[in-house]
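Participant: here's my sequence, what's the structure:
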Amino acid sequence: MIETSATLRTEHAAKYIAQLCKHFAHKVDVSHSDGHGECRFVCGTAIMDATGETLRIKVNAPDDAQLKETQEVVESHLLRFAFREELQPLQWR
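Facilitator: Predicted coordinates:
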């Protein structure tokens, strides 16, 4: 498994996790609790945690192509849900 992570400063970290999990639950296996969420896509898994004003996202997948696909799905939806904040693209490490 390959893993990357990204961190986002936002006052709405827990809210975004809840939105993402609710949205993806219609198509993939999701677990969600207060300030934590996991979305298990066919291409990889996204694990999200909210701590204060920080949203941490870890993505893991079996190969580079699936890792990139998982990152793009999570990031594109996050940026769409957070449009009022005019966020920049995530910096995956």
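Participant: closest to the centroid, which residue in this structure?
Facilitator: For the chain, the residue nearest the mean C-alpha position is Val74 (4.6 Å; CA atoms, centre = their mean).
Participant: check which helix or strand that one maps to.
Facilitator: helix 64-81 (DSSP states H and E).
Participant: that helix packs against which elements?
Facilitator: strand 2-9, helix 13-24, strand 45-51, strand 54-61 (3 or more CB pairs under 8 Å, 6 or more residues apart in numbering; DSSP states H and E). Every C-beta, even on glycine, is put in place using the N, C-alpha and C of the backbone.
Participant: out of these, the one nearest Phe81 is which?
Facilitator: helix 13-24 (4.9 Å; CB to CB).
Participant: next, the buried residues of the closest one.
Facilitator: 13-14, 16-21, 24 (16 or more other CB atoms under 10 Å).
Participant: quick one, what contacts the residue nearest to the centre of the chain?
Facilitator: Contact partners of Val74, counting by CB atoms under 8 Å, 6 or more residues apart in numbering, are 20, 39, 46, 57, 59.
Participant: the buried residues of helix 13-24 into CSV, with extra columns for pLDDT and distance to Leu78?
Facilitator: Shown next, in CSV, are those (pLDDT from 0 to 100; distance: CB to CB, whole Å):
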residue, pLDDT, distance to Leu78
Ala13, 94, 10
Ala14, 95, 13
Tyr16, 95, 6
Ile17, 96, 9
Ala18, 96, 12
Gln19, 95, 9
Leu20, 96, 6
Cys21, 97, 12
Phe24, 96, 11
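Participant: just put the residues you listed in CSV and tack on distance to Val30.
Facilitator: What follows is the buried residues of helix 13-24, written out as CSV (distance: CB to CB, whole Å):
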residue, distance to Val30
Ala13, 17
Ala14, 15
Tyr16, 14
Ile17, 10
Ala18, 11
Gln19, 12
Leu20, 9
Cys21, 5
Phe24, 5
